[in-house]
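K.L.:
Build the 3D model from these lines:
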Amino acid sequence: MLQKIRADPSLAAKRLLDGARSRAKRFGVPFALKATDIRIPELCPVLGVPFAIGTRRSLDASPTLDRVVPSRGYVPGNVVVVSMKANRMKSNATADELLRVGLFYKKLVESWQ
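P.N.:
Have a look, this model is predicted:
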């Protein structure tokens, strides 16, 4: 499956689009995306890992569509493709909360050295 998606990036964009449409309906948030609105880079912009596609389930490195501001929904300018792991880590945290978590653990680990 990975080779097919690399050969045809529009296939991966369509999969992300179909999933987003379904979640928008389930969560009651706006949806106004087209496949051309979804750009899948070679690497996750958060973690820097190459994207990979699982055949039966999502992988940590699978591309996912993240709503930057969840309440704004799936609309152009409010989505970014990141890895499943990065998206899970963000979950429903704000940027400030994520930064605070990262700084806490960085200081904690540095104190052990």
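
K.L.:
quick one, what contacts the residue nearest to Leu43 when sequence neighbours are not counted?
P.N.:
Sequence neighbours aside, Pro50 is the residue nearest to Leu43 in space, at 5.7 Å (criterion: Cβ to Cβ, 6 or more residues apart in numbering). In short, each C-beta sits where N, CA and C put it, glycine included. Counting by Cβ atoms under 8 Å, 6 or more residues apart in numbering, Pro50 touches 42-44, 61.

K.L.:
Now Pro50: phi and psi?
P.N.:
As for Pro50, its main-chain torsions (degrees, to the nearest 10) stand at phi -70, psi 140.

K.L.:
Narrow the contacts of Pro50 to those that are buried.
P.N.:
Applying 16 or more other Cβ atoms under 10 Å to those, the neighbour count classes 44, 61 as buried.

K.L.:
Lowest-confidence entry in the contacts of Pro50?
P.N.:
Per-residue confidence over the contacts of Pro50 reaches its minimum at Glu42, where pLDDT is 90.
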